[in-house]
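Student: Show me how the following folds:
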Amino acid sequence: MFSTITTAPAKQSVSETIAVLSGRLISATLLEDRRAAILGLRSFAKQYPASVASGALRSLIGSLSKDGEDVDTVKVVMETLLMLFSPNKDSPEASEEIALWLADEFTQRQENITLLLDFLETGEFYSRLYSLQLLSAILSARTERTEECILVAPLGIPRLVAVLDDRREAVRDEAINLLTDLTPASVDIQKLVAFEKGFERVFAIITEEGGLSEGARVVEDCLILLANLLRLNTSNQSMFRDMGFIAGLGRLLKSAYGGDSADGREISEWAAAQRNRNIYALLAVIRLFLVAGAVGTPQNQLAFLGDRVLENTLQLAFAPGVDLPIKSEALVTCADMIRGNARLQERFAGLEVPSPLDGPANGHDPHLNGNGAPRVFVIDGLLDLILAVSSPQAFDMRMAASTCLKAYFFNHAEIRRHFLSRAIDGHRLKADELTNVLTTLLHPSPDSVSADPYRYWFAAVLMLHLVHESPATKALAMGVTEGDEASGEEVVTSIQTIAAHLLSSVTKSDDPRVIIGYLMLLLCWLFEDLDAVNDFLGEFTNLQGLIQAAVENPNGDVIVQGLSAMLAGVVYEFSTKDSPVPRATVREMIMSRMGRGRYVDKLSKLRSHPLMRDHEVLSQQMEPGVDGKLPDIFLDDMFVDFFKDNYSRILKAIDREPGLEISVVTNGVQKGISRELVDSLRNQVEEKDRALQDADAEKSNLAGQLAQAKADHKREKDSSAAELLRTNEIVNTLRAQLKAKERALQDAEAKAASLGRQVIQEQAEHGRTKAEVSRLKTVNDALQRNHEQELTSMRTERQVKEAELQRQIEQVRKTAGLDAERVLRRSEADKADLKATISRLEVDMMKAKKARSELEAKVAELEGRIKASADSLSSVEKKLQASAGSLSSVEKKLQASEEEARKTKVQLEHKEEERRAAQEELDDLLIVFSDLEDKVARYKDRLKSLGEDVSDGEDDDEEDAEGEDSGEE
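Tutor: Model (predicted):
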């Protein structure tokens, strides 16, 4: 019998098991097998994320696509992927690089992100929830790439926004968180979310959750999402404003401060804390519309006024039961709403709020609210908060109220004057002494100074904002005095009173906040105000105490010493020699008691002090958790800007000589002596002296030039006279030549007339010849009829004679041609003579023109010289009038010569035209004469060939012509 021996299977390691499961997930064909493999991988995902991701990540993502229709498989796959993104902290493979690796795998392929977005279309709970959580995990690892993939995916943003309508809170809240993470930096995503009714859906969720007072964390998340959509996005802010959602902000604020106070319900501590967070988030959203300098800020401010957002925010700031941090933030928000908008600043003062001070209430007073608290105007309420509330815990609220009042003053001169006038009237009537800024500064209470130093600091800061760069309010404040002169009391101005309190506080070592407040006020008041500086110097001890505070301050406070030194520099910079303490004396006191080195050192230390250097980045609120200790806030924002802008100028002021005074233009009136004006006048005097010397030298030079010009003018006059004489001689010569040319032209015309008569005679002779030819023809016809037989017998003899006659005819033709050539040569000779004559006339005319042009050039040169002499010697025009008269007579003579030359030219042109006409007629006659001679010669030859006798006159003419030709030859 055999015994059966069983052995335990080999134990697999984790890596081997993960590899087997990964392989099974890849190769399995059945859905159940793949799901089982995924379940196995999920059990290892938390503890071994790197091993699972390296072996099965792509298979898991592929399973989402392959098995997307199976809800259970999708759920298990997404759970596994989420575990890979958040493994156990004690896992040996836990690393931040795993999340980056997983995110890269999703974002490097667009279809992976699109696949996750597709699951949002399903209504299944886990598919939607896990898809949103995966997208959030991927976004946190690879923010920019994920934003790009979601933006590019088809309907990516619309599908995400649509999830906000999901009634299941878990899915909706996850969508809010994902959209919140998507929208902080991408403007395109912000616009798309807003376009897909993002604002409407967010407000619907807030309303559904119970608003600010009852809403849970989701309300805060919705407000954070709203802030992301609106931050620095002008188009979204315009859409929000145009669609009427600003009114929704006002309703939310109203419900926040009026919810639980009306019915007396008490809420739990955590609910109150969440309500405060919700309100704080909403106020932050409102402030996004109020960025200083933004294009849409004025429109947003007006919209907040119209939709009662300003009023509701203000009521929230003064509502009872609201925590102090919320009140502070509400006041700062109100300050942003009215800053720089004159219309809102003016409307702001007319609003009423519950009084922040505790006191008995008159139940029949119509100005009481439902809780019995009296209502006051907002300006009075703010002053109550600033000057009448002394609790250290209320510092932030006092600071915010001060900010609100400073916004009320900002860039509105009329409001400044009105506020200061009311403060002066109240001070003189001794009304509201507790909350009167001027009374607080001029009549400080010793007990109050030590108990609440910030009361005087705030009063000084408010007064600083009233007088800064405002000559009108400075003059108004300087008119306030202490003491009744009629009762024999000494009259002390407000500046001297404040200076006395400053020095007294320094002597008694009061809290430095009080001293710094007085110093900041005096610095801004005395800067560029010569009257204020003189008022300060009206009490000699003020300057002594100020220098002592800068040098021998018992507390050794760097800020107090630096500001004291700066105030001494301002006093010197804007003092004059006519000041109660002359400018030179002021500088001597500073240099003798402080010295330049210590002066520069005090200012440099103040400039490098952390509270001054880093003021912009330091918190201006009380640090939480500090009980009974005053915050380290000593400097005002505007004063810090004032100090940094004028630091270099005041630092160098001590180096200027007392004789160099500063001029200041106040209300269009210049006060003091301008160094620039003195230098300008000195330069003008020097320029006048140089100009006078130059004028004397120029005068001497012009006198020499005048004498030289007179001599030159006399020479030019003599030269012009001689030139005119020569011109007249040339003109006379040209006239004689012109007459000779006219006579030659007349001879040519006479010769042409003779030739015309000869042509007429030849025409008459031709007529006679023609008649004779007719007679001979008649005789010849008769002879032919009578002797026809003789002609027949003599035909042979006739032919011989005809040949002989032909030879003779050719000879006659040659002779006639020679005769015609001789006649033509004779005509050409006459024509050449005429042309030569015309050429000589033209040459003479050109010489006349050249002489005339030379004369004109000389006259022009003479005129230029005379004109130059006249321009350079304008002061002696009267002395040259006689010379100018002589010159005008010369010009007249020259003009007469020019006129005669012009007439001569016209006559020459006329003679030239006549010569051309005669030449044309002569050519025509020669042609006609030549034709006639040819005809006569032919007729004679014809008669001779016919046996007729030619008359002796005709032969004589021929012989005469031949004789003439031979003689010419």
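Student: Of all the helix elements in this structure, which one is longest?
Tutor: In the chain, with assignment by DSSP state H, the single longest helix is helix 675-786.
Student: who does the one helix or strand residue 380 maps to touch, helix- and strand-wise?
Tutor: Using DSSP states H and E, the element containing residue 380 is helix 378-383. With contacts taken as 3 or more CB pairs under 8 Å, 6 or more residues apart in numbering; DSSP states H and E, helix 378-383 sits against strand 352-354, helix 395-409. C-beta coordinates here come from the backbone N, C-alpha and C atoms, glycine included.
Student: okay if I get those as TSV plus mean neighbour count?
Tutor: Shown next, in TSV, are the helices and strands packed on helix 378-383 (neighbours: other CB atoms under 10 Å):
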stretch	mean neighbour count
strand 352-354	21
helix 395-409	24
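Student: Let me have these in JSON lines, extended by distance to residue 763 and mean pLDDT.
Tutor: Below are the helices and strands packed on helix 378-383 laid out as JSON lines (distance: least, CB to CB, whole Å; pLDDT from 0 to 100):
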{"stretch": "strand 352-354", "distance to residue 763": "137", "mean pLDDT": "92"}
{"stretch": "helix 395-409", "distance to residue 763": "127", "mean pLDDT": "95"}
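Student: Of those, which is nearest residue 702?
Tutor: helix 395-409 (67.4 Å; CB to CB).
Student: ok so, going back, I would like the residues contacting the helix holding residue 380, please.
Tutor: With contact meaning CB atoms under 8 Å, 6 or more residues apart in numbering, helix 378-383 is reached by 314, 318, 331, 348-349, 351-356, 401, 404-405, 408, 419, 435-437.
Student: again, 7 Å this time
Tutor: Contacts with helix 378-383, where a contact means CB atoms under 7 Å, 6 or more residues apart in numbering, come from 314, 318, 348-349, 351-353, 355-356, 401, 404-405, 435.
Student: Could you give the average pLDDT over that helix?
Tutor: Across helix 378-383, the average pLDDT comes to 94.
Student: For that helix, what is the distance to the chain centroid?
Tutor: 43 Å (CA atoms, centre = their mean, to the nearest Å).
Student: With stretch 96-111 instead?
Tutor: With CA atoms, centre = their mean, you get 46 Å for stretch 96-111.
Student: Ok, stretch 518-532 next?
Tutor: Between the centre of stretch 518-532 and the centre of its host chain there is 37 Å, according to CA atoms, centre = their mean.
Student: Can you point out the buried residues in stretch 699-718?
Tutor: 702, 705-706, 709-710, 713, 716-717 (16 or more other CB atoms under 10 Å).
Student: can you name the two of those residues that are farthest apart?
Tutor: With distances taken as CB to CB, the most widely separated pair in these is 702 and 717, at 21.4 Å.
Student: so how far is residue 232 from the residue most central in space within the chain?
Tutor: Residue closest to the average C-alpha location in the chain (CA atoms, centre = their mean): residue 295, at 16.8 Å. Separation of residue 295 from residue 232 (CB to CB, to the nearest Å): 11 Å.
Student: ditto for residue 332
Tutor: Distance from residue 332 to residue 232, by CB to CB: 19 Å.
Student: So which of the two has more stuff around it?
Tutor: Neighbours per residue, other CB atoms under 10 Å: of residue 332 and residue 232, the larger number sits with residue 332, 21 against 11.
Student: How about that one: what's its closest non-neighbour residue?
Tutor: Among residues not flanking residue 332 along the chain, residue 400 sits closest, at 4.9 Å (CB to CB, 6 or more residues apart in numbering).
Student: what does residue 254 give?
Tutor: That would be residue 312: by CB to CB, 6+ apart, it lies 4.8 Å from residue 254.
Student: list the helices and strands the helix or strand encompassing the one you found packs on?
Tutor: Applying DSSP H and E as the criterion places residue 312 in helix 309-318. Judged by 3 or more CB pairs under 7 Å, 6 or more residues apart in numbering; DSSP states H and E, the packing partners of helix 309-318 are helix 245-258, helix 324-338, strand 352-354.
Student: how big is the angle separating the second one from helix 245-258?
Tutor: With axes from the mean of the first three to the mean of the last three CA atoms, to 10 degrees defining the directions, helix 324-338 sits at 150 degrees from helix 245-258.
Student: helices or strands up against helix 324-338?
Tutor: The contact analysis (3+ CB pairs under 7 Å, 6+ apart) places helix 324-338 against helix 269-288, helix 309-318, helix 342-348, helix 395-409.
Student: and after the first one, which helix or strand comes next?
Tutor: Counting by DSSP H and E, the element after helix 269-288 in chain order, helix or strand, is helix 297-306.
Student: now the angle from that next one to helix 309-318?
Tutor: Using the same axes, to 10 degrees, the inter-axis angle of helix 297-306 relative to helix 309-318 is 70 degrees.
Student: Convert the C-alpha atoms of helix 297-306 to CSV, please.
Tutor: Provided in CSV are the C-alpha atoms of helix 297-306 (Å, rounded to 0.1, in the frame of the first residue of the first chain):
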residue,chain,number,x,y,z
THR,A,297,-13.9,99.7,-12.0
PRO,A,298,-15.9,102.9,-12.4
GLN,A,299,-18.8,101.0,-14.0
ASN,A,300,-18.6,98.3,-11.3
GLN,A,301,-18.7,100.9,-8.6
LEU,A,302,-21.9,102.5,-10.0
ALA,A,303,-23.4,99.0,-10.4
PHE,A,304,-22.7,98.3,-6.7
LEU,A,305,-24.4,101.6,-5.8
GLY,A,306,-27.5,100.9,-8.0
